[in-house]
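[1] coords please:
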Amino acid sequence: MSLQGKVAIVTGGAQGIGRAACMRLAKQGAKIAVSDFERDLTAVVSEIRANGGEAIAIPADARSKEQMEQLARTVIHTFGQIDVLVCGTCQSAEAASFAELSWASFERQLTGELKAVFEPTKAVIKAMMEQQSGRIIYLSSTEGKDPTPHYIAFGTAKGGLDTFARYIAQEYGSYGITANVVAPGLVRSDETFMISEEESRVIGSFTPLGRIAEPEDVAGVIAFLAGDGAGFLTGTYTPVTGGLVME
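    You can find the predicted model right below:
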C-alpha cells in the first residue's frame with residue numbers, strides 16, 4: 001500500500017519497533033521524521049536515504065512539551081505537513097511486585113508513558129485538524145490487558161495509554177483523524193524483556209504461529225494503519241502476538 005506524498009513522524013525511531021516502522025513507512029513512500037531521545041539517529045536516516053527515501057533526524061524527548069512543539073514546527077517547515085504520527089517511545093519497565101513497589105516508582109512509570117503520548121499528540125493535532133486528516137498510531141503492549149506478574153506499573157501505564165487513544169479517536173474523528181493502538185507481546189528486540197533464546201523459543205511455541213514477533217511484524221501493522229486502507233478504522237486495539245492474545 002503506497003504512502004507516497006505522506007509525511008510521518010516516528011518517536012522512539014532509533015531502534016527496535018520504532019526503527020522498523022521508519023523503514024517500512026519509508027519503503028512505502030512516506031517522508032520520515034525520525035525522533036528519539038539520547039540515541040543516535042544517523043544510521044536510521046542514512047539507511048532510509050540509501051534506499052531512495054527521504055528522512056530527517058530530530059533528536060527530542062517525547063515527554064517534553066517544548067521539544068515536541070519544536071519537532072512539529074521543524075517537520076512542517078521541512079515537508080509542509082504532518083500526516084502520520086507513530087508514538088513509539090516506550091519507557092523501560094521496572095519489575096516489582098505490588099508489595100515491593102513504591103508510589104514514586106509507580107508514578108514515574110505512569111507519568112513517563114503517558115507524557116510520551118500526550119505531548120507528541122498535542123504537538124501535531126492542530127496541524128492535522130487544519131488539513132482535516134491524520135493518522136495517529138500508539139505503540140502499547142498486551143501487558144495493559146493481559147497482566148504479567150511484577151509488571152503492574154508498566155501494565156497500568158499501558159492500560160492508560162490504550163484508554164487515551166480511544167478518547168483521541170472519539171474527539172477528533174470528525175476532523176478525519178484516526179487514532180489506533182498496536183499492542184505487541186514479546187518482540188525479539190524489545191528491551192523491556194531481556195530473555196534468552198531458549199526462553200524466546202519456549203514462549204514462541206505457545207503461539208499459534210509458533211514464534212515470537214520480530215520488529216518488522218509490528219511495523220507491518222503500523223504501516224497498514226497509516227495507509228488509506230485503514231481510513232475507517234479508529235479507536236481499535238490490535239494485539240500483535242502471533243495469536244497468543246486474541247481479541
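[2] Now residue 63: closest residue in space that isn't a chain neighbour?
    residue 115 (4.1 Å; Cβ to Cβ, 6 or more residues apart in numbering). Any C-beta I mention is one placed from the backbone N, CA and C, and that applies to glycine too.
[3] And the host helix or strand of the one you found, what does it pack against?
    For residue 115, the enclosing helix or strand under DSSP states H and E is helix 103-131. Here helix 103-131 touches strand 7-11, helix 65-79, strand 84-87, strand 134-139, helix 152-172, strand 177-184, going by 3 or more Cβ pairs under 8 Å, 6 or more residues apart in numbering; DSSP states H and E.
[4] Just want the angle from it to strand 177-184.
    140 degrees (axes from the mean of the first three to the mean of the last three Cα atoms, to 10 degrees).
[5] got the angle for helix 103-131 vs helix 65-79?
    Using the same axes, to 10 degrees: helix 103-131 against helix 65-79 is 30 degrees.
[6] one step back: share the number of residues neighbouring the residue nearest to residue 63, please.
    Per other Cβ atoms under 10 Å, the neighbour tally for residue 115 reads 18.
[7] quick one: it from residue 242, how far?
    Look at residue 115 and residue 242: by Cβ to Cβ, to the nearest Å, they are 31 Å apart.
[8] Residue 119 now?
    Noted for residue 119: a distance of 32 Å to residue 242, by Cβ to Cβ.
[9] For the helix holding residue 115, which residues meet the burial criterion?
    106, 109-110, 112-121, 123-125, 127-128 (16 or more other Cβ atoms under 10 Å).
[10] quick one: the residue nearest to residue 10 when sequence neighbours are not counted from residue 125, how far?
    With sequence-adjacent residues excluded and distances taken as Cβ to Cβ, 6+ apart, residue 10 is closest to residue 86, at 4.4 Å. According to Cβ to Cβ, residue 86 stands 15 Å off from residue 125.
[11] likewise residue 183?
    Distance from residue 183 to residue 125, by Cβ to Cβ: 22 Å.
[12] Off-centre distance for stretch 52-61?
    Averaging C-alpha positions (Cα atoms, centre = their mean, to the nearest Å) puts stretch 52-61 16 Å from its chain's average.
[13] Quick check, pLDDT for the residue lying farthest from the centre of the chain.
    For the chain, the largest distance from the centre (Cα atoms, centre = their mean) belongs to residue 99, which lies 30.4 Å off. Confidence at residue 99, expressed as pLDDT, is 96.
[14] got the contact list for it?
    Applying Cβ atoms under 8 Å, 6 or more residues apart in numbering to residue 99 gives no contacts.
[15] Mind listing what's buried along the helix or strand of the chain with the lowest mean pLDDT?
    Least confident helix or strand, the chain: helix 197-205 with a mean of 82, by mean pLDDT, DSSP states H and E. Using 16+ other Cβ under 10 Å as the test for burial, helix 197-205 gives 200, 203, 204.
[16] so after that helix, what's the next helix or strand?
    Assignment by DSSP H and E places the next element after helix 197-205 at helix 215-226.
[17] The next helix-or-strand element following that following helix - which strands sit beside it in the sheet, and in what orientation?
    Next in sequence after helix 215-226, counting helices and strands by DSSP H and E, comes strand 237-240. The pairing partners recorded for strand 237-240 under DSSP bridges are strand 177-184 (parallel).
[18] about what we covered before: which neighbouring elements make contact with the least confident helix or strand of the chain?
    Packing contacts for helix 197-205, counted by 3+ Cβ pairs under 8 Å, 6+ apart, involve no helix or strand.
[19] contacting residues around that helix?
    186, 188, 195, 210, 211, 212, 242, 244.
[20] Now do the same contact list for the closest residue to the second one other than its chain neighbours.
    Nearest in space to residue 188, with sequence neighbours left out and distances taken as Cβ to Cβ, 6+ apart, is residue 214 at 5.5 Å. Residues in contact with residue 214 (Cβ under 8 Å, 6+ apart) are 20, 187, 188, 189.
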